[in-house]
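J.: Generate coordinates for the sequence data below:
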Amino acid sequence: MDRLREAATTEPGRLRIIGAVLAALVVLFGAVTVWEISGRATAADDVVGHSQPLSADAANIYRSLADADTASSSGFLAGAQEPREVRQRYEKDIANASRLLVGAAANTGAGGESRKEIALLGEELPRYTGLIEQARATNRQGLPLGGAYLRYANERMSTVLLPAAQRLYEAETGRLYTDYDDARSWPFASIGAGLLGIGALVWAQRRNYRRTNRVFNHGLVAATTASVVVLLWLVVGHSVARAGLSEARSDGQESLKVLNDARIASLQARANENLTLVARGAVLAEDKKSDKYDVDYTKNMKELDAGLSAALRLADDGNGEQPLAKAVDGVTQWKQRHASARESDMRGDYDLALVQVVGDKDHKDSSGASFDTVDASLEQAVVHEQKEFTRAARGGLGALGGLTTGAAALAVVGAAAALLGIGRRLSEYR
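T.: Numbers count the residues shown, from 1 in each chain. Predicted structure coming up:
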């Protein structure tokens, strides 16, 4: 310390201290930038390649389960010999849900809410499929007990499986939003370190000018330039990445969430429409007067209307609006055909109501055909919004590419230039 104090009383000693401080500040700026941007790039990469796909898979698990429930009730209504395409749709949904559950289990941590819900779904799904097989076998024998098995399977789906899938989706979506926030947060420490380093370099050059009347010191100018380049790269690159991730969230993920909710509402509405005919008034709503499944159908259709309205507000191009407009028309037609089927059923003409819901051999002019139109349109809209999300999110991630390597390299160059600049001044005292 005595030597440092003694050295600080001479100009060469002060220059050595200034050079060391300048080099340390430039290196600190580079190190903090590498640290913060690495974390944000990792979070952005998780958004694109991990958390958003897991959120989408959780939504698909829910959709597959709801669609399987719809297909099982449709097959039951078709009679003892259910159509092959309906059976294949049910089996495809169950296989898809099982595959996605395996993938979710492999990519989810050992603890947490998601793991618990995955375990619950894994236990309950075989029980549900067992009930469906019992309902199918009994229905083939022409026994009315098949309807009871189907209603109980639907109850397990509605009260256990779908709520668990919903909680899984919410947990994975919450993780996605956490990654969004981590990737979009401003690197204030890096910006502060950069401003401090540039300020110190400017002060050192002003001091040099006042003491020697020399306008430029090449080393200090190079160090300042390198630091300014890193700072501008940091601010501009992160701003572009932040804008891309914000677009991915507002124009992609939010639209996907609304569309998934709308699609699930449509599937539940179709299942309840089918179960209205299966139960034939055997299950009453809370008022003990109305048919429970018909009441639930009305509730689901209101949710579907609200979801389509929200999706139309979020749609920002023709490719997104076109399938939604088709879905709206399909919902209007579906309601009209459902009303006709209910009227026939209330008159006691069950056979006509069944044809109006399930359709004839060509499956035309039925509420089921309208549902198929709505479901296909919503799937088309989901595919489009998924592409929009991926495009925007990858653009945001790409804006951070090379920044960590560039910041580290320029920090080393800046520190070396600062030392060389100060060394040039020191050489004048030899």
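J.: quick one: the helices in the stretch 51-200 of the chain?
T.: For the stretch 51-200 of the chain, helices defined by DSSP state H, counting those that start in this stretch occupy the ranges 52-77, 84-107, 113-140, 145-156, 162-184, 188-212.
J.: can you give me the angle the first one makes with helix 145-156?
T.: Angular relation of helix 52-77 and helix 145-156 on a 0 to 180 degree scale: 160 degrees, by axes from the mean of the first three to the mean of the last three Cα atoms, to 10 degrees.
J.: The residue nearest to residue 410 when sequence neighbours are not counted: what's it in contact with?
T.: Of all residues not flanking residue 410 in the chain, residue 226 sits nearest, at 4.5 Å (Cβ to Cβ, 6 or more residues apart in numbering). To be clear about C-beta, it is placed using only N, CA and C from the backbone, and glycine gets the same treatment. Listed by Cβ atoms under 8 Å, 6 or more residues apart in numbering, the contact set of residue 226 reads 26, 410-411, 413-414, 417.
J.: which SSE is residue 226 in?
T.: According to DSSP states H and E, residue 226 maps onto helix 218-247.
J.: Worst mean pLDDT across the helices and strands of the protein, which element?
T.: helix 2-7 (a mean of 68; mean pLDDT, DSSP states H and E).
J.: quick check: mean pLDDT across stretch 263-271?
T.: Taken as a whole, stretch 263-271 has a mean pLDDT of 86.
J.: I meant stretch 67-85, not that one.
T.: 78.
J.: Okay, buried residues for the longest helix seen in the chain please.
T.: When the chain is parsed with DSSP state H, its longest helix is helix 11-46. Neighbour counts using 16 or more other Cβ atoms under 10 Å place 13, 15-16, 18-19, 22-23, 25-30, 32-34, 36-37, 40-41, 43-46 of helix 11-46 among the buried residues.
J.: Kindly report the same for stretch 94-110.
T.: 94, 96-98, 100-101, 104, 108.
J.: ditto for stretch 206-215
T.: Buried-residue list, stretch 206-215, by 16+ other Cβ under 10 Å: residue 208.
J.: Quick check: which ranges of the stretch 251-400 of the chain have low pLDDT?
T.: Counting by pLDDT under 70, the stretch 251-400 of the chain shows low-confidence ranges at 281-288, 360-364.
J.: for the stretch 101-250 of the chain, same thing?
T.: 109-111, 213-214.
J.: contacting residues for residue 177?
T.: By Cβ under 8 Å, 6+ apart, the contact set of residue 177 is residue 249.
J.: That one and residue 376: what is the separation?
T.: Residue 177 is 30 Å from residue 376, where distance means Cβ to Cβ, to the nearest Å.
J.: What of residue 297?
T.: Counting by Cβ to Cβ - residue 297 and residue 376 are separated by 20 Å.
J.: Have a look at those two and say which one is more surrounded.
T.: residue 297 (22 against 14; other Cβ atoms under 10 Å).
J.: Look up the closest residue to that one, ignoring the ones flanking it.
T.: Leaving out its chain neighbours, the residue that sits closest to residue 297 by Cβ to Cβ, 6+ apart is residue 272, at 4.1 Å.
J.: And the closest residue to residue 202 other than its chain neighbours, how close does it get to residue 394?
T.: Spatially, and ignoring its direct neighbours in sequence, residue 202 is nearest to residue 224 (6.8 Å; Cβ to Cβ, 6+ apart). Going from residue 224 to residue 394 by Cβ to Cβ gives 34 Å.
J.: These two: who's more crowded?
T.: Neighbours were counted for residue 224 and for residue 394 using other Cβ under 10 Å; residue 224 has more, 24 against 17.
J.: sorry, back to before: please identify which of the helices of the stretch 51-200 of the chain is closest to residue 293.
T.: Ranking the helices of the stretch 51-200 of the chain by distance to residue 293, with Cβ to Cβ as the measure, places helix 145-156 first at 8.7 Å.
J.: Can you give the contact residues for the closest one?
T.: Contact with helix 145-156 is made by 69, 72-73, 76, 124, 127-128, 131-132, 134-139, 271, 275, 278-279, 282-283, as judged by Cβ under 8 Å, 6+ apart.
J.: What subset of those is buried?
T.: Taking 16+ other Cβ under 10 Å as the criterion, what is buried in the contacts of helix 145-156 is 69, 72-73, 76, 124, 128, 131-132, 134-136, 138-139, 271, 275, 278-279, 283.
J.: Right, I'll call it a day here.
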